[in-house]
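Visitor: got a predicted model here, sequence first, then my questions.
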Amino acid sequence: MLSKRKWLPVLALLLIVCMLFGCTGKTPEQGTPSGGNQQGGSTSGEPAPDAVPTTFHGVSGGGSEAVKSAKDSLVFRINAEIATLDPHKTSGTGNERFVQYQFYESLFRIENFEGSPVSEVNNALCESCEYLDDAKTVLQVHVRKGVKFHCGEDLTADDVVFSLERAKSSGYCDVVTNFLDHVEKVDDFTVNIYLTQAYGAILRVLGTGQLSIVCQKHCEERGDDFGRNPCGTGPYVFDEWVAGDHVSFHAFKDYWRGEAAITYGKFVVITDNSASLIAMENGEVDITQTLSGADLPLIEANPDLQLKLSDTACAGGRCILFNTEDPSGVFSDVRMRKAVAYAIDRQAIIDLAYDGIGEPALITMIETMPEYPTDWEGIPYDPEKAKELVVEAGYPNGVTVKIPTIDSSIYSKATIALQDQLAEVGINLDIELIERAAWNQKILTEKDYGITYWAIVLDYDDTDAALYKFSSKNSSNYWNLKNAELDELLDKGRALETGPERTAIYRRALEIIDNEEVAVVHVQNPPRNVAHNAKLMCVVASPEQKYYFYNWYWAN
Amino acid sequence: MLKYILKRLLLLIPVIIGISFIIFSIMQLTPGDPAREILGDNAAQEAVDALREEMGLNDPFLVQYGRYMWRAARGNFGTSYQTGQSVMKQILERFPTTIYLAIGATLVAIIIGVPVGLISAVKQYSLMDDVSTIFSMVLTAIPNFWLGLVLMLALSLKLKWFPAYGATSLKHFVLPWITLSCMTLAVLIRMTRSSMLEVIRQDYIRTARAKGAKESRIVFRHALRNALLPVITVIGTQLSVQLGGAIIVETVFSIPGLGTMIISGIKTKDIPVVMGGVMFIALVGGLVNLLVDILYAYIDPRLKSRYVGTKRDRKRLNQAKKEVTGDA
């Protein structure tokens, strides 16, 4: 049998294995250099370098004032792992962007401030710009001087040309580079951006994370590894990335607006909302985004924490989508689509599926967009009218249709509420719960559906970004909508800058999309929520999820 | 012995190939387009199609599988669709955390489970026995994710003893270890108890008692050694199970291990990550089982004699066989 001599090596082996594999990480306090200067902001005695030229609609402001932060670190919770820190290889507005906004800057910066519902477009790495032609297809950008990259290189026109061309050649940035024809260097601090056509929202597009400016030298040296070794001009410098655990950073001492008030911190990955809430209450996490509705009362009840809801809805409204070329033929009939629009009680769905949070939505636009029609009434709740339309469409005994739904409570709960409401008017929904990836393929790629439920997230907050999806020229037209008048209006609208003409054009486009064709029925406009330590100041819940730590500081 | 080990290692090859084929088939047959997942909801269909072609996703199933396996055979598990990083690198980054979690939880289970099972058997039908039986039944019934959250609330939020998430220090692992060890603990208590009860009733124990040996000597020296043999097998199996089963605990405590990597890969149809992760876990599981079998043979002299022996031993054995044959 086993003697003492034989047990000892076994135990020793187990212990050695444990110790070897256990010594993997550092404590949170290690490896995060802290800056000595706790002064934040850029305004101490210098003219505001980010003043905006009067030729554009941006409003100056933002940046942290010269404040003394009572604490110099920050822990920001993200709810999923990040894939890369390369801004040109990141799609949409995922968790990667939270991190990238701290390391990189674009030519323009889109910011939200308290009390101002509309996000502002401010100059960032662009010092000034102007169109060189009447057709507004050549934008000359004067690059800010005296800006350094984290690697020590100076920002020049070469970096801007390199970055924009790199983004253009990347499939990830397709949505925001459609308008870029090419970019040319004029001199060391001037570039000309040639557009394929005039585009009214070009500054907003140039302010997206996809068009971040990266250091050409560093990027070329790092090659494919750039996504793990980012280098931008942003207020924070990348320190360490432990996959699936955290990304740490420290303040950039040579940042052109001055060193940030919060001098180091990290993003931590906590996928579970309940665990995240406990970590918040425990003081292990300072700020978290996007909590579930059920958790919000717990935050509000805790005096050490603060809950912020964005003043306006985020560009991710929940809605019912129709395939106007429904293979089953049911929803290719506009009367059936209208019937659904009349049949739904939006507030009831919001109460059931979203804990009563968010406003009922009637329109393919959010109120932060300048062309938003404040007097819009839309299709009202009228189940009797809905019943008539179903009968008129040829279904006197009702009809049963499949509704592919993403297997997530955000969508499934609302679909169950919809099921009840539509059954009242004779439309019986057969809910088909599927994984997101499967849903994406079925709906977005194959367009094999009649009706479904989704949240449309926009890459940038502009009317064109919201409406051009409905153009038959756009391959992202998931509705298969084909309307010549609408196509013409959308082409005209995107070339114009904000003004009465653009507003009138988009109003008519909205009438076609929401009232006449009824390609989509909006249900809820959710606000973004953010919960943070009550002593963390200047945090604004951004509908576009643009959080700049540079603007924040800790109160005593 | 070496021959046995080599044989077992060779047997792992068809096992891994079988697993890889099943996982690859599942990932291919389930709907979802990796190119769409990479480029996002708003990407133009043309860009998605171009990426599919570039990634070779339009090739026939067997061509894709063959290509993958050819690379895997040379130690290249491919590149993650999402991160662009080498899958092997990602696995090696995360594997230490998972193995640390699994071994720690197994140790917790051994340290508590074996003594409790032992006492339970020695004091059969006592209050202690009843309590341990109920305890192990409760542990079997508790779901991991629930226990994890309850421990977090009690020991992290209320008492502030341990952090609620992460894996950066020993302290971070205490709650996950307790959570993950529950099922193994229950199994070990039951297994040690029943194994001890079986051994304790055997003749040689009765003989030892009759000879006037001390009870502690009988229990620890004579009974426990034999009773531990099946327990060791169970420990090995449980360790393999925990390597793959740590997924839930990793998710609840936000521990960056192989489990969370695979889950994330499944959600985004990151086929190389899922394939690499599962194959690696299968390989490690196979090796752990082999190690347990070797250990088992090493501990049990009866098994050891089948594999291990000096030339002199074998000569004597053969001679004895000849004598027996000759006598016959």
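Guide: Perfect, I can see it now.

Visitor: contacts, neighbours, all on C-alpha from now
Guide: OK.

Visitor: what helix or strand does the residue nearest to B:Ser126 when sequence neighbours are not counted sit in?
Guide: Counting by Cα to Cα, 6 or more residues apart in numbering or on different chains, the nearest residue to B:Ser126 once its immediate chain neighbours are dropped is B:Ser120, at 7.8 Å. Taking DSSP states H and E as the definition, B:Ser120 sits inside helix B:87-122.

Visitor: please state the offset of that helix from the chain centre?
Guide: Helix B:87-122 has its C-alpha centroid displaced from the chain centroid by 8 Å (Cα atoms, centre = their mean, to the nearest Å).

Visitor: elements contacting whatever helix or strand comes next after that helix?
Guide: Remark: after helix B:87-122, the chain's next helix or strand is helix B:127-141, criterion DSSP H and E. In terms of contacts (3 or more Cα pairs under 8 Å, 6 or more residues apart in numbering or on different chains; DSSP states H and E), helix B:127-141 is packed against helix B:87-122, helix B:170-200.

Visitor: in a markdown table: the ones you listed, plus mean neighbour count, distance to B:Thr207 and mean pLDDT.
Guide: Output for the helices and strands packed on helix B:127-141, formatted as a markdown table (neighbours: other Cα atoms under 10 Å in any protein chain shown; distance: least, Cα to Cα, whole Å; pLDDT from 0 to 100):
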| stretch | mean neighbour count | distance to B:Thr207 | mean pLDDT |
| --- | --- | --- | --- |
| helix B:87-122 | 22 | 17 | 91 |
| helix B:170-200 | 23 | 11 | 91 |
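
Visitor: could those helices go into JSON lines alongside distance to A:Arg257?
Guide: Output for those, formatted as JSON lines (distance: least, Cα to Cα, whole Å):
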{"stretch": "helix B:87-122", "distance to A:Arg257": "37"}
{"stretch": "helix B:170-200", "distance to A:Arg257": "38"}
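
Visitor: contacting residues for B:Gln242?
Guide: B:Ala102, B:Leu180 (Cα atoms under 8 Å, 6 or more residues apart in numbering or on different chains).

Visitor: could you rerun that using 7 Å?
Guide: B:Gln242 makes contact with B:Ala102, according to Cα atoms under 7 Å, 6 or more residues apart in numbering or on different chains.

Visitor: kindly report the same for A:Thr177.
Guide: For A:Thr177, the contacting residues are A:Lys168, by Cα under 7 Å, 6+ apart.

Visitor: how near is it to B:Ala44?
Guide: Going from A:Thr177 to B:Ala44 by Cα to Cα, to the nearest Å gives 11 Å.

Visitor: just B:Thr192 next, same as before
Guide: Distance of B:Thr192 to B:Ala44, given as Cα to Cα: 61 Å.

Visitor: chain B contacts on the stretch 251-400 of chain A?
Guide: Residues of the stretch 251-400 of chain A lying close to chain B (Cα under 7 Å from any Cα of the partner chain) are A:Val269, A:Ile270, A:Thr271, A:Asp272, A:Ala275, A:Ile278, A:Ala279, A:Asn282.

Visitor: can you tell me the SS state at the fifth one?
Guide: The one in question is A:Ala275. The three-state label given to A:Ala275 by DSSP: H, G, I helix; E, B strand; the rest coil is helix.

Visitor: tell me, how many residues neighbour it?
Guide: Neighbour count for A:Ala275, taken as other Cα atoms under 10 Å in any protein chain shown: 21.

Visitor: residues contacting it?
Guide: Counting by Cα under 7 Å, 6+ apart, A:Ala275 touches B:Ala164, B:Val252.

Visitor: what's the pLDDT at it?
Guide: If you check A:Ala275, the pLDDT there is 86.

Visitor: ok, now how distant is it from B:Asn42?
Guide: Taking Cα to Cα, one finds A:Ala275 at 31 Å from B:Asn42.

Visitor: B:Ala282 - nearest residue in space that isn't next to it in sequence?
Guide: Nearest residue to B:Ala282, sequence neighbours excluded (Cα to Cα, 6+ apart): B:Ile16, at 6.9 Å.

Visitor: for the helix or strand harbouring the one you found, packing partners?
Guide: In this assignment (DSSP H and E), B:Ile16 forms part of helix B:2-29. Applying 3 or more Cα pairs under 7 Å, 6 or more residues apart in numbering or on different chains; DSSP states H and E, we find helix B:2-29 packed against helix B:271-299.

Visitor: how far is the helix it packs on from where the chain is centred?
Guide: On the basis of Cα atoms, centre = their mean, helix B:271-299 sits 8 Å off its chain's mean C-alpha point.

Visitor: between it and helix B:87-122, how big is the angle?
Guide: Using axes from the mean of the first three to the mean of the last three Cα atoms, to 10 degrees, the direction of helix B:271-299 lies 40 degrees away from that of helix B:87-122.

Visitor: which of the residues in helix B:271-299 are buried?
Guide: Judged by neighbour count using 16 or more other Cα atoms under 10 Å in any protein chain shown, the buried positions of helix B:271-299 are B:271-283, B:285-290, B:292-299.

Visitor: could you give the average pLDDT over the helix or strand in which A:Phe249 is found?
Guide: In the assignment (DSSP H and E), A:Phe249 maps to strand A:246-251. Strand A:246-251 carries an average pLDDT of 94.

Visitor: could you identify the helix or strand that succeeds that strand?
Guide: Using DSSP H and E, the helix or strand that follows strand A:246-251 in sequence is strand A:264-269.

Visitor: quick one: least confident helix or strand in the chain?
Guide: Since no chain was named, I'll use chain A. Lowest on mean pLDDT, DSSP states H and E among the helices and strands of chain A sits helix A:4-22, with a mean of 47.

Visitor: if you could check chain B rather than the one you did, that'd help
Guide: Going by mean pLDDT, DSSP H and E, chain B bottoms out at helix B:301-307, a mean of 64.

Visitor: mind showing which ranges of chain A have poor pLDDT?
Guide: Applying pLDDT under 70 to chain A flags residues A:1-68, A:92-93, A:116-117, A:311-316.

Visitor: tell me the helices and strands packed up against the strand holding A:Phe249.
Guide: Packing partners of strand A:246-251 (3+ Cα pairs under 7 Å, 6+ apart): strand A:236-242, strand A:264-269.

Visitor: secondary structure element for A:Val183, which one?
Guide: For A:Val183, the enclosing helix or strand under DSSP H and E is strand A:180-187.

Visitor: what angle separates whichever helix or strand comes after that strand from strand A:180-187?
Guide: Per DSSP H and E, the first helix or strand lying C-terminal to strand A:180-187 is strand A:190-195. Using the same axes, to 10 degrees, the direction of strand A:190-195 lies 160 degrees away from that of strand A:180-187.

Visitor: in the helix or strand just after strand A:190-195, what's buried?
Guide: The first helix or strand that comes after strand A:190-195 along the chain, using DSSP H and E, is helix A:202-206. For helix A:202-206, burial by neighbour count (16+ other Cα under 10 Å) applies to A:Ile202, A:Leu203, A:Arg204, A:Val205, A:Leu206.

Visitor: other residues contacting the helix or strand that comes right after helix A:202-206?
Guide: The element immediately downstream of helix A:202-206 (helix or strand, assigned by DSSP H and E) is helix A:216-222. Here helix A:216-222 makes contact (Cα under 7 Å, 6+ apart) with A:Asp159, A:Phe162, A:Phe226, A:Cys231.

Visitor: out of these, who's nearest chain B?
Guide: The nearest member of the contacts of helix A:216-222 to chain B, counting by Cα to the nearest Cα, is A:Phe226 at 10.4 Å.
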